[in-house]
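Participant: I'll drop the sequence and a predicted model, then ask my questions.
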Amino acid sequence: MTPEAATASQPFVMGASFWTATIIFLLAYALIISEKVHKTVVAIFAAALMIVLKILEQKEAFHSEVLGIDWNVIFLLLSMMIIINLMKPTGFFEYIAIKSAKLGKGEPMRIMTIFAIVTAILSAFLDNVTTVLLLAPVTLLIADALEVDPIPFLIAEALASNIGGTATLIGDPPNIMIASKAHFDFMDFIYNLTPAIIVVMAAFLFILKIMFGKKLHVRPELKQRILEMDERDAIKDPIMLKKSLFVLSIVIIGFVLHGTFNYEPATVALFGAGLLLLLSGTHEPHHVLAEIEWPTIFFFMGLFIIIGGVVKVGLIKWMSIEVLAITHGNMFATSMLMMWFSAVASAFVDNIPYVATMNPLIIDMAHQIWPHLQGLKLLHNPELMPVWWSLSLGACLGGNGTAIGASANVIVIGLAERAGKKISFIRFMAYGMPVMMLTVLISTIYIWLRYYILKI
Amino acid sequence: MFDVSVNNNQMEGHVKAKEIMEPVKETLTPKTTLKDAVNRMRIARRGKGWAGVKGMIVLDNGNLAGIVSIKDILRAIIPSYLALTELGEFTWDGMLEEMAKKVADKKIEEIMTRDVITVSEDAPLMECADLVVKHSLQRIPVLDKDKKVVGMIYIRDMYQAIVQALFDKEGKR
């Protein structure tokens, strides 16, 4: 039985377990949104409830590909975190940041543009939070050196990281989840999403210039401070840096080729993590492993089980029937609805639980439209493809809308506050919302033009 | 500057915190600004000695609210992004002074160490020495039964007790 067939064949009776699972799901999501309890704590407890209350068997929660934890996602995240944790102390990211500032010749607008591009590119391959965590400290340093307000730079970086992350399979968790559920490979994302993101990014850089261009001026003698910095000083461990870059190249080549050789992305990343751990010569992996963002990992695991519960009882199927009632099975309407609903939802709630819910919903919906199709014929149905891409674009780019829309935003605001610069919810939204609207609008045009007009 | 009682008592092996502590004459409040605090520390005297102290306690309505040392002041001046990273090489001449001016108006409550390690009046010197080493302290406030600060004991005074345990006044033994 293929995974998606199993989803569709779930019995759909609004009985006791339906309501129990639905209530756990709704309460968990409400608590996560309220932030009254840490989201990881909520996810772990709600997941345990799903099993304790016999909505899911433990075996389903731990081992079922349809209803349980998606280990492909978990191991991809874990492995990339290990690689980054090993790479961080080499000073590579500081090197790139200082080099970028120097390339900008101390001109604030040029620096902001270059930082935005660098952030977007790094975010396409690393997770967004890591990218902004690595770049924000250098940004604050540069802003102090130039005696300019760091807030525009930090906001630009958060927005750029959310945009860049959309470009690849590994760039943003929603994409990792979509890829795993819909069986897309790395090149599917490069082929379908990267072109959209290049256009979106160009537009974003243009808005940055309009928003901040006139405000940033710097005395010439301050520019000298930047030009005097020697980026080579940032490299703390050149040998480990070479090893890291070697492994990172293998991993990226592996991602490009994984579809061809029939490997899952998690296999490629796990190989990279294992190889780099081995090459690092560490006898004490404790430190590297302890630095893994375990709360994020457990949040995912809990979430997968919660979603498994509501898939099993048929809530997701019920939702997909409701969506179909709105769109009448028109796939263009579905794509557009998916894009804009995802964008607005992701601007206010975490896009990870959102996408975790939408993935099975899309599959259920597809089952109802094409009951005779199965496996990849169903998942990669040309009519369904734009819906997946719309989900990704909407969920990732929607994160830019508000201060709480994406983890990168939250991190940047936290770092700014620690540096004594408060970014209010309204101030972030004043920049984020227009950027979100414009980038989603561009994505809408892209989807419409590419998949419904040009059909390429 | 050491109380004679130290000598007498240490012979018996009974030296306690209250016997080597020094009275606290000057304190800060949580609302004191960093600049004011620096000035107060600059002109304050420890015991009968020289001007300038390297730490002061912060009292809020007579209760111990925190302690400020020159290290806390340095920490307040170092931007958080430097503290978080290894970017020290990319700083510039005059940055420390610039940053000091920027944070001059910060309130002491924002920069003080809140979890103050304290000892009771009757604490044995070994307990004090252990705390000093474990927590890299220079001074420990001494509290009475009502948790009011009655004095301060300094790392040097503890060291002096060791000196006196090993050598008599003529430097023999």
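Facilitator: Nice, I can see it.
Participant: right, and B:Lys18 touches B:Lys145 too?
Facilitator: No: the criterion here is CB atoms under 8 Å, and B:Lys18 misses it with B:Lys145 at 11.7 Å. C-betas here are computed from N, CA, C, even on glycine.
Participant: what about the two, which has more around it?
Facilitator: Neighbours were tallied for B:Lys18 and for B:Lys145 using other CB atoms under 10 Å in any protein chain shown; the higher tally belongs to B:Lys18 (17 against 9).
Participant: Grab the nearest non-local neighbour of that one.
Facilitator: Computed as CB to CB, 6 or more residues apart in numbering or on different chains, the closest residue to B:Lys18 that is not its neighbour in sequence is B:Glu121, at 3.9 Å.
Participant: contacting residues for that neighbour?
Facilitator: B:16-18, B:21, B:142-144, B:150-151 (CB atoms under 8 Å, 6 or more residues apart in numbering or on different chains).
Participant: Would you reformat these as TSV and include pLDDT and secondary structure?
Facilitator: Putting the contacts of B:Glu121 into TSV (pLDDT from 0 to 100; DSSP: H, G, I helix; E, B strand; the rest coil) gives the following:
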residue	pLDDT	secondary structure
B:Lys16	84	strand
B:Ala17	85	helix
B:Lys18	85	helix
B:Met21	91	coil
B:Val142	96	strand
B:Leu143	95	strand
B:Asp144	93	coil
B:Val150	94	strand
B:Gly151	93	strand
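Participant: give the contact list for the residue in the stretch 351-456 of chain A that chain B sits nearest to.
Facilitator: The nearest approach of the stretch 351-456 of chain A to chain B comes at A:Arg418, 4.3 Å away (CB to the nearest CB). Contacts for A:Arg418 (CB under 8 Å, 6+ apart) come out as B:Ser80.
Participant: just for the chain, where's the confidence low?
Facilitator: In the absence of a named chain, this looks at chain A. Applying pLDDT under 70 to chain A flags residues A:1-12.
Participant: my bad, the chain I had in mind was chain B
Facilitator: Ranges of chain B meeting pLDDT under 70: B:1-14, B:47-48, B:169-173.
Participant: residues in contact with the spatially most central residue of chain B?
Facilitator: Closest to where the C-alpha atoms of chain B average out (CA atoms, centre = their mean) is B:Arg139, at 3.7 Å. Listed by CB under 8 Å, 6+ apart, the contact partners of B:Arg139 are B:55, B:67, B:69, B:152-155.
Participant: sec struct for B:Leu59, please.
Facilitator: Under DSSP: H, G, I helix; E, B strand; the rest coil, B:Leu59 falls in the strand class.
Participant: right, and it touches B:Lys31 too?
Facilitator: No: using CB under 8 Å, B:Leu59 is not in contact with B:Lys31; the gap is 11.4 Å.
Participant: Looking at the two, which is more packed in?
Facilitator: With neighbours defined as other CB under 10 Å, B:Leu59 and B:Lys31 compare such that B:Leu59 has more, 17 against 11.
Participant: Show the contacting residues for the more buried one.
Facilitator: Taking CB under 8 Å, 6+ apart, one finds B:27-29, B:65, B:149 in contact with B:Leu59.
Participant: The same query, at a cut-off of 6 Å, please.
Facilitator: Listed by CB atoms under 6 Å, 6 or more residues apart in numbering or on different chains, the contact set of B:Leu59 reads B:Thr27.
Participant: what does B:Thr113 give?
Facilitator: With CB under 6 Å, 6+ apart, B:Thr113 has these contacts: B:66-67, B:72.
Participant: Residue numbers of chain A in contact with chain B?
Facilitator: Proximity of chain A to chain B, by CB under 6 Å from any CB of the partner chain, involves residues A:137, A:140-141, A:225, A:229, A:233, A:418-419.
Participant: ok, now with 7 Å
Facilitator: A:91, A:94, A:98, A:137-138, A:140-141, A:144-145, A:225, A:229, A:233, A:236, A:418-419 (CB under 7 Å from any CB of the partner chain).
Participant: still on that earlier bit, next up, phi/psi of the residue nearest to B:Lys18, please.
Facilitator: phi -60, psi -30 (degrees, to the nearest 10).
Participant: Would you mind stating the distance between it and A:Leu53?
Facilitator: 58 Å (CB to CB, to the nearest Å).
Participant: Same check on A:Glu65?
Facilitator: 22 Å.
Participant: Helices of chain B, start to end?
Facilitator: Ranges of helices in chain B, per DSSP state H, are B:4-12, B:17-20, B:34-43, B:70-77, B:80-84, B:95-102, B:108-111, B:125-134, B:155-166.
Participant: could you dump those to TSV with distance to A:Pro150?
Facilitator: What follows is the helices of chain B, written out as TSV (distance: least, CB to CB, whole Å):
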stretch	distance to A:Pro150
helix B:4-12	53
helix B:17-20	47
helix B:34-43	22
helix B:70-77	18
helix B:80-84	9
helix B:95-102	13
helix B:108-111	20
helix B:125-134	38
helix B:155-166	40
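Participant: now A:Met301, nearest residue through space, not along the chain?
Facilitator: Once flanking residues are discounted, A:Met301 sits nearest to A:Ile69: 5.0 Å by CB to CB, 6+ apart.
Participant: any idea how far that neighbour is from A:Thr296?
Facilitator: Where A:Thr296 is concerned, A:Ile69 sits at a distance of 14 Å (CB to CB).
Participant: Could you do A:Ile307 as well?
Facilitator: In terms of CB to CB, A:Ile307 sits 16 Å off from A:Thr296.
Participant: So which of those two has more stuff around it?
Facilitator: Using other CB under 10 Å, the more surrounded residue of A:Ile307 and A:Thr296 is A:Ile307, with 26 against 19.
Participant: how far away is the closest residue to that one other than its chain neighbours from B:Ala123?
Facilitator: Spatially, and ignoring its direct neighbours in sequence, A:Ile307 is nearest to A:Ala356 (4.9 Å; CB to CB, 6+ apart). Relative to B:Ala123, A:Ala356 is positioned 56 Å away (CB to CB).
Participant: Between the two, which is the more surrounded one?
Facilitator: For A:Ala356 versus B:Ala123, neighbours defined as other CB under 10 Å are more numerous around A:Ala356 (22 against 19).
Participant: ok, which stretches of the stretch 301-450 of chain A are helices?
Facilitator: A:315-327, A:331-348, A:351-369, A:375-379, A:385-398, A:407-418, A:425-447 (DSSP state H, counting those that start in this stretch).
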